[in-house]
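Engineer: Sequence and predicted model, in that order:
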Amino acid sequence: MNKESYMQGAEESLLHTYNRFPLVLDHGEGVYLYDTDGKEYLDFAAGIAVQAFGYHNREYTDALKAQAEKLLHTSNLYYNVPIIDASKRLLAASGMDRVFFTNSGTEAIEGAIKAAKKYAYTRDGHAGHEIIAMNHSFHGRSMGALSVTGNSHYREPFGPLVPGVKFADFNDLGSVKALVNEKTCAIILETVQGEGGIYPATDEFLGGVRKLCSEHDILLILDEIQCGMGRTGKMFAWQHYGVKPDIMTCAKALGCGVPVGAFVMTEQVAKRSLAPGDHGTTYGGNPFVGAAVAKVLEMMERDRITDHVNEIAPYLEKRLDELTDAYDFLTARRGMGLMQGIVSTKPVAQIAADALDEGLIVITAGSDVIRLVPPLIIEKQHVDEMADKLDRVLNRMG
Ligand SMILES: *Cc1c(COP(=O)(O)O)cnc(C)c1O
């Protein structure tokens with residue numbers, strides 16, 4: 001079959017919820033992807049910040065194969081061995097105390113919201129609490145996660161959503177303070193806003209929100225689904241700020257391609273929140289994802305992935321700054337580590353589409369940001385190749 005017939009097959013059968021790029025991907029190797037015509041693409045999107053180790057990592061693939069030969073799934077009515085290893089590693093990396101594994105980031109958000117509500121319910125003896133979330137945030141597409149997602153375009157058709165959510169402005173502490181009342185049980189935010197346009201929290205904002213939460217016994221939920229797992233140069237982005245969340249959500253690179261998420265909390269929260277009967281999942285934390293998560297975390301620690309990110313990120317920033325300086329329709333670069341965005345006044349969807357012709361995969365964020373979230377294993381040569389390709393694309397636009 002050729003590319004056109006694959007694409008036609010997809011469009012005839014899949015629900016049309018994406019306007020896909022005309023690209024049928026077949027396999028990957030390192031930081032490169034190959035389509036069904038054999039064309040090579042340098043991948044600076046990593047399956048949206050998922051493929052931290054790139055593609056076809058031998059050690060990881062072998063670990064998955066070994067677990068597949070042994071046991072893929074049991075239920076959460078029994079214990080399994082791989083998830084214990086995965087849990088201990090995730091808790092050690094985050095300094096948190098208890099974890100619940102889910103099948104996606106969205107489900108991790110759902111669990112985090114339920115945990116926060118149950119915590120307040122246990123404390124106050126009644127339900128009816130409120131959550132403060134941020135404008136331009138993204139936390140997922142299910143009804144609960146959508147309720148805390150600050151994007152009216154995503155929300156509008158699906159109301160009424162979960163009530164009791166108020167929206168403040170990210171990096172504006174005053175706007176958060178103004179919304180706190182005796183019903184507030186949690187404040188949820190991305191440490192670095194991803195989909196909204198790559199906005200890192202300021203020290204003042206995150207420190208201020210932490211203080212506010214502690215003073216009022218409000219739980220701070222940090223969504224590290226995109227910015228976590230080493231991407232910013234620390235295992236979790238909040239570790240740059242000298243703060244600690246009460247609940248953290250994690251997914252994307254947690255499984256490096258195996259669908260898994262997690263919400264993680266302190267013992268203080270755990271002992272007053274979700275108890276037997278309050279929450280559950282069929283697949284979540286099964287032996288297969290346990291083996292995947294344990295291997296990802298083992299490799300990240302052993303290979304000191306954050307050291308590598310801290311080594312390569314300044315070079316990426318330098319090359320991106322050069323491009324931003326060279327084209328007047330590029331107005332800013334912002335980001336942390338290997339989570340970077342370039343703001344463009346020319347259509348970013350066009351830039352991402354044109355990049356494919358050059359054999360480069362980049363994605364967009366918000367309405368005007370070119371987003372770069374490459375595999376964490378990129379080297380200088382890949383940064384140079386990306387910058388050269390992007391330069392050619394931008395040159396044609398300008
Ligand atoms: C991707 C993402 C989610 C949703 O995760 P899914 O695995 O797609 O359900 C939630 N929050 C943030 C910050 C994300 O980037």
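Structural biologist: On my side now, so go ahead.
Engineer: Can you give me the pLDDT of the residue in the stretch 251-398 of the chain that the ligand sits nearest to?
Structural biologist: In the stretch 251-398 of the chain, the residue that lies nearest the ligand is Ala251 (4.5 Å; CB to the nearest ligand atom). Any C-beta I mention is one placed from the backbone N, CA and C, and that applies to glycine too. Reading off the confidence values, Ala251 has pLDDT 98.
Engineer: So it sits against Asp223, correct?
Structural biologist: No - the pair Ala251 / Asp223 is not scored as a contact, 9.4 Å apart, by CB atoms under 8 Å.
Engineer: which neighbours do the two share?
Structural biologist: Taking CB atoms under 8 Å, 6 or more residues apart in numbering as the criterion, Ala251 and Asp223 both touch Gly105.
Engineer: Which of those two has more residues huddled nearby?
Structural biologist: Using other CB atoms under 10 Å, the more surrounded residue of Ala251 and Asp223 is Asp223, with 34 against 29.
Engineer: residues in contact with the nearest residue to that one once chain neighbours are set aside?
Structural biologist: Distance criterion CB to CB, 6 or more residues apart in numbering; nearest residue to Asp223, sequence neighbours excluded, is Glu190 at 4.5 Å. Residues in contact with Glu190 (CB under 8 Å, 6+ apart) are Met134, Ser137, Phe138, His139, Gly196, Ala201, Leu222, Asp223, Glu224, Ile225, Gln226, Cys227.
Engineer: Just give the nearest non-adjacent residue to the second one, would you?
Structural biologist: Sequence neighbours aside, Gly150 is the residue nearest to Ser137 in space, at 4.4 Å (criterion: CB to CB, 6+ apart).
Engineer: What count of nearby residues applies to that neighbour?
Structural biologist: 21.
Engineer: how about it, what does it touch?
Structural biologist: Gly150 touches Ala133, Met134, Asn135, His136, Ser137, Phe167, Gly196, counting by CB under 8 Å, 6+ apart.
Engineer: ok so, going back, the contacts of Glu190 also near the ligand: which ones?
Structural biologist: Contacts with the ligand within the contacts of Glu190, as defined by CB under 6 Å from any ligand atom: Phe138, His139, Asp223, Ile225, Gln226.
Engineer: So the fourth one lies in a helix, does it not?
Structural biologist: No - under DSSP: H, G, I helix; E, B strand; the rest coil, Ile225 sits outside any helix and is assigned coil.
Engineer: Enumerate every residue touching it.
Structural biologist: Contacts of Ile225 (CB under 8 Å, 6+ apart): Gly105, Ala108, Ile109, His139, Glu190, Gly194, Thr249, Cys250, Ala251, Lys252, Gly261.
Engineer: just Gly30 next, same as before
Structural biologist: Gly54, Tyr55, His56, Pro375, Ile377.
Engineer: just to revisit the earlier point, which residues does the residue nearest to Ser137 form beta bridges with?
Structural biologist: Taking DSSP bridges, one finds Asn135 as the beta-bridge partners of Gly150.
Engineer: rewinding a little: out of the contacts of Gly30, grab the one that's most surrounded.
Structural biologist: Pro375 (26 neighbours).
Engineer: quick revisit: ok, the ones next to the ligand among the contacts of Glu190 vs Phe101, which is closest?
Structural biologist: Distance to Phe101 across these (CB to CB) is lowest for Ile225, with 13.6 Å.
Engineer: to the chain's geometric centre, what's the distance from the longest helix along the chain?
Structural biologist: The longest helix of the chain (DSSP state H) is helix 305-326. How far helix 305-326 lies from its chain's middle: 20 Å, per CA atoms, centre = their mean, to the nearest Å.
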